[in-house]
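> got a predicted structure plus its sequence, pasted below:
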Amino acid sequence: MKRYWMAALLSCALAATAAAQERREFGVLVMAHGGGERWNREVAQTLEPLRAEQPLEIAFGMADAGSLQAAVDRLEAQGARRIAVVRLFVSGESWRERTRQILGLAPGAPPRPADDARAAHAAHGDHAMAFWRIHGDAAFALSEEGLMDAPEMGEVLAARARELSVDPAREDVLVLAHGPEDDAENARWLARIDARADAIRRTAPFRRVQVETLREDWPEKRAAAEARIRAFVRRAREEGGRAIVIPFRVQGFGPYRRVLEGLDYVADERGLVADPRVADWVRRQAAALRGELDDADTATARGSSL
């Protein structure tokens with residue numbers, strides 16, 4: 001009997017060791033746009049609970065080969081050999097192909113230059129970012145979804161609307177996002193974020209719920225967007241109610257306070273990362289990518305045995 005229990009304890013210990021090893025060999029790399037100190041801090045704080053579950057690093061700088069390389073190096077130093085790359089962007093289209101090339105999942109990125117220290121610190125002020133294929137031994141899987149595709153973000157919007165509302169029947173809700181330059185892509189942004197805004201419509205009988213994009217970086221498109229946004233907020237007041245403005249941004253309120261200057265509205269000015277459901281979404285993305293990496297390992301093993 002004693003031998004049985006010793007064998008059972010040894011088996012449990014070996015299983016625990018194997019599980020710990022497997023945990024270390026899987027890592028998560030979260031890509032984020034990056035901003036000022038507060039921007040980066042709020043993203044890091046939101047993702048902090050995930051560090052207890054597996055190695056996790058953040059690469060700020062959109063799709064910059066230098067920051068991605070540094071994050072991969074940190075994960076590999078912790079033992080990660082399979083890495084889920086989750087892009088914490090509003091749109092799943094943002095920087096997707098460029099990132100695939102940098103990770104070596106698609107052709108197109110040149111070899112890393114010898115003077116990669118200079119490339120790694122490219123000036124983001126003029127949107128110059130390092131572009132080369134990173135070095136490393138890890139296998140990668142890349143997320144496809146953006147936050148606009150995430151049902152969890154509908155729950156965030158609904159919660160924000162409930163918190164800010166006092167009389168839904170006399171309130172108009174405006175969900176406001178950055179928006180891209182291309183008109184067809186912008187239409188996809190509007191449709192997908194509007195699908196998330198359905199959660200607001202279900203949570204209370206608001207008078208109106210509308211999604212707009214500011215087209216922030218393109219002056220001609222932005223001028224027309226600003227006019228629509230201001231007209232929506234102004235009408236809410238003119239009709240005897242008020243507007244609730246909810247930013248569909250990773251962090252903060254962006255330029256919206258300036259855009260809405262002089263108008264009567266209510267907003268908490270919080271971005272999506274202030275809500276723990278963002279971490280839930282990252283966790284879900286990472287689990288799906290881990291499954292992809294497991295399937296790839298299984299297929300490789302089968303192929304080698306033939």
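Great, that's in hand.
> counting neighbours, what do you get for Ala227?
Close neighbours of Ala227, defined as other CB atoms under 10 Å, add up to 10. In this view, the C-beta of every residue, glycine as well, is placed from N, C-alpha and C.
> list the contacts of it.
By CB atoms under 8 Å, 6 or more residues apart in numbering, no residues touch Ala227.
> for Leu142, same thing?
Residues near Leu142 by CB under 8 Å, 6+ apart: 85, 87, 96, 99-100, 103, 105, 289.
> redo those residues as a markdown table? Include secondary structure and distance to Phe253.
Shown next, in a markdown table, are these (DSSP: H, G, I helix; E, B strand; the rest coil; distance: CB to CB, whole Å):
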| residue | secondary structure | distance to Phe253 |
| --- | --- | --- |
| Val85 | strand | 28 |
| Arg87 | strand | 22 |
| Arg96 | helix | 26 |
| Thr99 | helix | 27 |
| Arg100 | helix | 32 |
| Leu103 | coil | 32 |
| Leu105 | coil | 35 |
| Leu289 | helix | 31 |
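> select only the buried ones of those in ChimeraX?
Buried residues within the contacts of Leu142, by 16 or more other CB atoms under 10 Å, are selected in ChimeraX with:
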select :85,87,96,99,100,103,105,289
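> which of the contacts of Leu142 lies closest to Pro49?
Leu289 (18.3 Å; CB to CB).
> surely the closest one and Glu144 touch.
No: using CB atoms under 8 Å, Leu289 is not in contact with Glu144, being 9.6 Å away.
> show me which of the contacts of Leu142 is closest to Arg202.
Using CB to CB, Arg87 comes nearest to Arg202 of those, at 28.0 Å.
> state the distance from that closest one to Asp149.
For Arg87, the distance to Asp149 equals 11 Å [CB to CB, to the nearest Å].
> can you check Leu263 too?
In terms of CB to CB, Leu263 sits 31 Å off from Asp149.
> what's the answer for Gly252, then?
Gly252 sits 21 Å away from Asp149, going by CB to CB.
> try Gln285
From Gln285 across to Asp149, the span is 10 Å (CB to CB).
> what residues sit buried inside stretch 163-170?
By 16+ other CB under 10 Å, the buried positions in stretch 163-170 come out as 164-165, 168.
> can I get those in a markdown table including pLDDT, secondary structure and distance to Asp217?
Output for these, formatted as a markdown table (pLDDT from 0 to 100; DSSP: H, G, I helix; E, B strand; the rest coil; distance: CB to CB, whole Å):
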| residue | pLDDT | secondary structure | distance to Asp217 |
| --- | --- | --- | --- |
| Leu164 | 98 | helix | 28 |
| Ser165 | 98 | coil | 32 |
| Pro168 | 98 | helix | 34 |
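> mind putting these into a markdown table with distance to Ala70?
As requested, the buried residues of stretch 163-170 are exported to a markdown table (distance: CB to CB, whole Å):
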| residue | distance to Ala70 |
| --- | --- |
| Leu164 | 39 |
| Ser165 | 43 |
| Pro168 | 47 |
